[in-house]
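1. Test case, fold it:
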Amino acid sequence: MRQPSLSLMSALLLGSLAMLPAQAHKTEVSGDVAGTWHLEPNHSPKAGEPARVWVALTQQGGQVIPLEQCDCALAIYATNQPGADPVMQPPLEAISPERFQNIPGANITFPAVGEYRIALTGRPKGEATFTPFELSYTTVVAIGNAAAPQSESTAPVTPTDNALESPTALPPNQSTGSGTQRIAIGAAVLGVVGFAIAIAASRLRTR
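-> Numbers count the residues shown, from 1 in each chain. Modelled structure (predicted):
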């Protein structure tokens with residue numbers, strides 16, 4: 001009884017993996033559907049930073065299931081809150097990453113650091129014939145790169161009033177006062193010498 005289920009799983013895995021790029025990480029099987037998860041960037045999401053998840057869905061034999069043939073829903077749960085409502089239910093959109101066309105994907109911003117379970121459920125739509133499925137993927141969200149506050153050492157310096165003053169516009173000091181006094185004394189000495197010369201010249205004329 002085990003041989004059919006093993007053959008089915010092997011066919012699903014081989015069919016899906018043959019079409020997947022080397023960096024895809026986790027492939028899971030539910031019913032007759034295989035789904036391979038990819039989480040950007042590099043399967044290492046960070047809290048508060050945008051990430052993208054997409055799932056390559058394939059049927060037995062490797063036929064890709066596009067989103068238009070799947071009534072799919074995505075839900076994200078915090079693993080430390082079993083039984084709780086989803087943290088978020090981002091809307092799915094048809095994307096075409098790498099070799100795939102119109103597969104389900106969504107943009108996610110995880111709210112906080114921790115472990116999360118991403119669950120994708122789906123049922124056939126239109127003429128699709130696969131069985132309803134539920135696939136899940138668990139990831140650990142790391143701390144995000146918060147913008148560092150500007151430090152005082154790197155902050156722009158605003159010139160102060162003192163810095164804008166001319167270096168020659170200094171307040172009067174003692175050395176400036178001494179220079180003024182020397183000029184006044186010199187002028188007085190010149191006046192006395194001139195007065196003495198005038199007297200001497202007057203005496204010479206009277207003789």
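2. All the helices of the chain, residue numbers only.
-> 2-17, 161-164, 174-206 (DSSP state H).
3. which residues touch the nearest residue to residue 75 once chain neighbours are set aside?
-> Leaving aside its sequence neighbours, residue 75 sits nearest to residue 86 (CB to CB, 6 or more residues apart in numbering; 4.0 Å). Every C-beta, even on glycine, is put in place using the N, C-alpha and C of the backbone. Residue 86 makes contact with 75-77, according to CB atoms under 8 Å, 6 or more residues apart in numbering.
4. what's the distance between the nearest residue to residue 107 once chain neighbours are set aside and residue 128?
-> Nearest residue to residue 107, sequence neighbours excluded (CB to CB, 6+ apart): residue 52, at 5.5 Å. Applying CB to CB, to the nearest Å, the value for residue 52 to residue 128 is 24 Å.
5. before we move on, what about residue 101?
-> Distance of residue 101 to residue 128, computed by CB to CB: 15 Å.
6. quick one: average pLDDT of stretch 86-102?
-> On average, the pLDDT along stretch 86-102 is 94.
7. burial measure for residue 77, as a count.
-> 20 (other CB atoms under 10 Å).
8. so it makes contact with residue 89?
-> No: the pair residue 77 / residue 89 is not scored as a contact, 10.2 Å apart, by CB atoms under 8 Å.
9. got a list of what residue 96 touches?
-> Per CB under 8 Å, 6+ apart, neighbours of residue 96: 102-103.
10. And for residue 46?
-> Per CB under 8 Å, 6+ apart, neighbours of residue 46: 110, 141-145.
11. From residue 52, how far out is it?
-> 13 Å.
12. quick one: the nearest residue to residue 31 once chain neighbours are set aside and residue 137, what's the gap?
-> Once flanking residues are discounted, residue 31 sits nearest to residue 131: 3.8 Å by CB to CB, 6+ apart. Relative to residue 137, residue 131 is positioned 20 Å away (CB to CB).
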